[in-house]
Structures are given as C-alpha cells and as structure tokens.
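> Predicted model, plus sequence, below.
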Amino acid sequence: MVDTLIIGGGTAGCVLAARLSEDPDHRVRVVEAGGFWASAAEFPPELADSGALPLDDRAPWLWRYPVALTPDRPGQIVRGRGIGGSGSVNGCYFIRAAARDFAAWSAEVDARSWDFAELLPYFRSLENDHDYGDHPGHGRAGPVSVRRIARPTRLVEEFGAACGELGFGEVADWNSLPGGPESGVGPVPCTVGPPDGSGRHRRIGPAHSYLLPALSRPNLSVLGDTRVTRLRFRGTRVVGADCLYGGRPETIWADRVVLCAGAIESAALLLRSGIGPAEQAAALGIPLVAAAPVGEWVTDHPEIGIDYLHPAASGRAVPLEYVLELDDIEIRPYTVAFAPGVHRMGVSLMRPTSSGRLRLATADPLTPPRIEYGYLATDADRTRLRAAVELTGQILETMSAESVGGPGEISDRWLHDRLGTSQHLSGTCRMGRADDPRAVVDDRCRVHGVDGLSVVDLSVVPVPLSRGPQATVMLLAERATVDLR
Ligand SMILES: Cc1cc2nc3c(=O)[nH]c(=O)nc-3n(C[C@H](O)[C@H](O)[C@H](O)COP(=O)(O)OP(=O)(O)OC[C@H]3O[C@@H](n4cnc5c(N)ncnc54)[C@H](O)[C@@H]3O)c2cc1C
C-alpha cells in the first residue's frame, strides 16, 4: 500500500514524483509502462543527442497510434514510452504558453488559480535559465535547465534575416514578461545542456531534471515495464490499479491515484475503467463507475509541411532553433532533414477552432484507442492556414529558397495533402466546473464524481495552447503538487 500511486513516469509524472516525495512520510510509487533508466548513464544513447528526434520505426521507447487527421487523411503519431515520457524524445523546445492562454484557461474554471500572474512564481521556480535567469520573471535556481542555441546554423540565420527583411521584429526571449511576446522571430529556449566540443547539446528531459535526483529517497519507488490496464474502485473511490508487470498481472493498492499517462493513455485508462460516456461503456460491456465526457474533446496543432531546397546544410544543434510567431501561427524552420537534401518549414495553427475526439475501439487494454482529430473542419482554420502558407512562400522567396511542390493557388486539397500534426494532443480530460458538461476534472485536477483520483498531464488543459506544451505540462504538475501534498 502506498500513499500516492502515480501512473505514468513521463513529463508530469517525473515532476509530481519528485515534488510529492520531498515529504519523507509520504510514500510515492511510480509505475511506467516503458523502460526505467535509473541514471543518465543508463539512458539509451539515442535519446541523448538533442539534435536528432529518436523516432525510428522500431524504437522500443515509443507508443505508436494510427489516427484520422481528417475523415479521409490518415496519419500516425508517436508518444514517448519510458521514464521521462514524451519529454525524453521531444524537440526540447521550452516556451511558456501565452498569458492570454492562461486567461482563457482561468475563465473555464471560474477561478484565478490558472491566471498567468498566479502561475508566474511556479514558472520562475522550476527553471534555471542560463541566458535570462536574472531577468524579471525568470528563475536561476530551478531544476529545469533552459538555454538558447548561441550560434544558429546558417539555414536558420537566413530564415531570421528573411523575417527581418519582411518587417518582423526580433524577439530575444520568448519567455519574457508580460506573459510572452505575441509576435516576432527569435531563438527557441531549449531544455538542453551546454555545447560539447563538436557543438552538440545533450537532451535534458524531465527524468534528468526531477526524477533521477530524487531516486535515493526511501519513500519513492519506481517500477518500469509495468503497464496499468485498469483502475480498481470500491464504490466510487479508487483503491488501486491492475497492471501487467513484465507480462504478469498484479494489483497495486493505494490511498490515492494520480493519472500521468499522457492525454491519450490517461483518457483510455479512464474509459476502460468505467469513467466516460455512459453509452460508450455500455456498448463495450464496461461497468460504469461515473459518467464523464472523457475523450469528447481533443485539440492539437495542425501543421502543414512545406519542403524546400536551399544550399545551406541542415544543422546539428536542436530540431528547432528559431521560430516566427504570429499570434496564433507558428512558423518553424526545422534543422533536421525529413528527406536527404530537402529542408522543411512547419506551418502550425496554434489556436484551431476545429476539434476532435478519442474513443475506445474495444475494452481490451492492449488495443489502441481511436483518435479522430477533425482537423481543418472549419473555414476559419483553413483561411488562417492559407494565409500562413502564403507568408511562408514569401519567406522562402526572400531566403532564395526553392519550394518543392509549392502551390500556385492554395486549395483545400493542397492543404489536406500536406497536413500533419505537431504531436501536441491535449484536452481529453478537460478541466472545468462541476456543472460544465464538458469537464472531467476540477480546478485542482480531481476527477469529478469519484474520490481519490486525479489526472495531472496534458489531458486536463481545457484550451488550445498558443505554444508547444512541454513548459506548460511541467508548470501544471508543479502547480498541481500544491493541492496534492
Ligand atoms: C516526437 C515529439 C516531439 C515533441 N516536441 C516537443 C517540443 O519540442 N516542445 C514541446 O513543448 N512539446 C513537444 N512535444 C509534446 C510534449 O513532449 C508532450 O506534450 C509532453 O511531454 C506531454 O507530457 P505528459 O506528462 O502529458 O505525457 P508524457 O510525457 O507522454 O508521459 C506519459 C507517460 O505515461 C506512460 N504511460 C502511458 N500509459 C501507461 C500505462 N497504462 N501504464 C503505465 N504507464 C503509462 C508513458 O509511457 C509515458 O512515459 C513533443 C511530443 C512528441 C511526441
């Protein structure tokens, strides 16, 4: 029996495990479906280099899901599987969500607790910003190492110069006050170590920042290769979880369970355990514990990939060294090559109005859920992306780059054919008031209608985020700890 069972040792799970176990009388256990690497030296070497995304087709540290981006555009997405979760495989981009996102979030819960001003102390205390740590609104003493790439690759320099020529202002610090600049071009803050002799930077994920330094505590235990299949309830109180430990079924009992399995698996676990839409549970023969709109809303950043040729070589520092932000549009000059000799610009819509949903395909815990993104369903989203693609064309022209398969006219078909996703799926267990029919958890991350169960990961964020989510997930977990102590 433990005091808190954390399901999923990913980004949020690492933060929570480290923070909750600071109290020596609080027994914390983390169960992680993927590998548990107990020191930086034990991590697979492929995860160390921040210049590469370790997304090989057969990599054992990934979950893979077939998805429908639109009804007629299938896709494939991945998530990190192993200690550190997606934070162990991601692009290391670490930009805080904009103050306006937190204002929208607070409005959903009718409480000031998720306002940017309320959250700023947590942002400050979690970071060790090597460039701006002493500036207002920043921190110097936190566990998360943040730095910008001092010498961007030539391709990225050309991108920055082209944006300047087109009149976009330079932003030195995306995480500056008040609540992040909305527009401009500038270097991406990254969770990486200092450059080594060859200019490479080590990826510093949430396991390195939070979990590994806490492992010597006797009140913290971590089980790897342990996949939770279902939650256990007594009435409407959660009392533990069934899992497969090295393939063998086991049950772990706990006073309290916190789901940190990420926006896909946290939702799937709730649905499989009888917390979800009543008709879905009935159709799959799952006994209902509490009716809840789990998986009924899904949001993510649709991304159009524009390939181009340019004489400058691809870089080796991080996949994304600079971004151009235009309020709800992010333009990303990737430094990683997606095909030999071809560069790619990602054009992403950060506050889409289209949304999707996630449902179970079967009650079997090993079958992946069905994920329908519902991308590009609204005129507003298509119009905004068309404008962003046109602007990207101007940037490429200014860089004297040659677009591959660039559009004359940007039709809906052209957008569909180049449609992808930024891999930021969120919102499956939305935060909101008890009387909100779309809400799954309250403003303290507790699941409505059940006792002893919380969800703390990207699934609870109730609004689209104008920036990549990693910084926000860490912030969320830091903030949630206060209520879970
Ligand atoms: C390839 C990729 C690149 C990305 N790049 C960036 C970026 O550069 N910047 C950015 O801001 N965002 C990025 N993101 C998104 C960001 O990394 C994630 O949104 C964030 O890490 C999510 O944190 P989380 O705690 O919600 O889930 P995760 O970090 O994914 O953690 C979930 C954990 O739960 C475990 N788990 C799941 N199911 C079970 C189960 N049944 N039993 C036990 N354990 C379970 C998983 O194995 C995993 O370790 C990227 C995502 C991907 C996939």
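Here it is on my side, so go on. All values derive from a computational prediction rather than experimental measurement.
> rest of the way, CA atoms for contacts and neighbours
OK.
> From the centre of this protein, give me the residue that's furthest out.
Taking Cα atoms, centre = their mean, the residue of the chain most remote from its mean C-alpha position is G408, at 34.2 Å.
> mind checking the SS state of it?
The three-state label given to G408 by DSSP: H, G, I helix; E, B strand; the rest coil is coil.
> One more: H343?
strand.
> can you point me to the longest strand in the protein?
If you go by DSSP state E, the chain has its longest strand at strand 248-259.
> For the helix or strand of the chain with the lowest mean pLDDT, which outside residues touch it?
Of the helices and strands making up the chain, the lowest-confidence element is strand 402-403, at a mean of 90, by mean pLDDT, DSSP states H and E. Outside strand 402-403, the residues within contact range by Cα atoms under 8 Å, 6 or more residues apart in numbering are 306-310, 393, 396.
> Distance from the longest strand of the chain to the middle of the chain?
In this view, strand 248-259 has its centroid 25 Å away from the chain centroid, taken as Cα atoms, centre = their mean, to the nearest Å.
> Same check on stretch 469-480?
The answer for stretch 469-480 is 10 Å, by Cα atoms, centre = their mean.
> CA atoms only for that stretch, dumped as PDB, please.
Output of stretch 469-480 as PDB, limited to C-alpha atoms (Å, rounded to 0.1, in the frame of the first residue of the first chain):
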ATOM      1  CA  PRO A 469       3.000  22.300 -24.400                       C
ATOM      2  CA  GLN A 470       6.200  21.000 -22.600                       C
ATOM      3  CA  ALA A 471       6.700  24.100 -20.400                       C
ATOM      4  CA  THR A 472       3.000  24.200 -19.600                       C
ATOM      5  CA  VAL A 473       2.900  20.500 -18.600                       C
ATOM      6  CA  MET A 474       5.800  21.000 -16.200                       C
ATOM      7  CA  LEU A 475       4.100  24.100 -14.800                       C
ATOM      8  CA  LEU A 476       0.800  22.200 -14.500                       C
ATOM      9  CA  ALA A 477       2.500  19.400 -12.500                       C
ATOM     10  CA  GLU A 478       4.300  21.900 -10.200                       C
ATOM     11  CA  ARG A 479       1.100  23.700  -9.600                       C
ATOM     12  CA  ALA A 480      -0.900  20.500  -9.000                       C
END
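> Do any residues in that stretch lie close to the ligand?
Yes. Judged by Cα under 6 Å from any ligand atom, stretch 469-480 and the ligand are in contact via 469-471, 473.
> what does that stretch rub up against?
11-13, 15-16, 19, 87, 93-97, 119, 122-123, 126, 424, 444-445, 456-458.
> Could you turn the buried ones of the residues you listed into a PyMOL selection?
Filtering the contacts of stretch 469-480 down to the buried ones (16 or more other Cα atoms under 10 Å) takes a single PyMOL command:
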select buried, resi 11+12+13+15+16+19+87+93+94+95+96+97+119+122+123+126+424+444+445+456+457+458
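> For this structure, which segments count as helices?
Ranges of helices in the chain, per DSSP state H, are 11-20, 99-109, 116-126, 154-165, 206, 212-214, 262-272, 278-284, 379-398, 412-417, 470-484.
> G199 is nearest to which of those helices?
G199 lies closest, by Cα to Cα, to one member of the helices of the chain: helix 154-165, at 13.9 Å.
> which residue packs closest to A337, ignoring adjacent ones?
Distance criterion Cα to Cα, 6 or more residues apart in numbering; nearest residue to A337, sequence neighbours excluded, is H343 at 5.4 Å.
> same question, V389
Distance criterion Cα to Cα, 6+ apart; nearest residue to V389, sequence neighbours excluded, is V347 at 6.8 Å.
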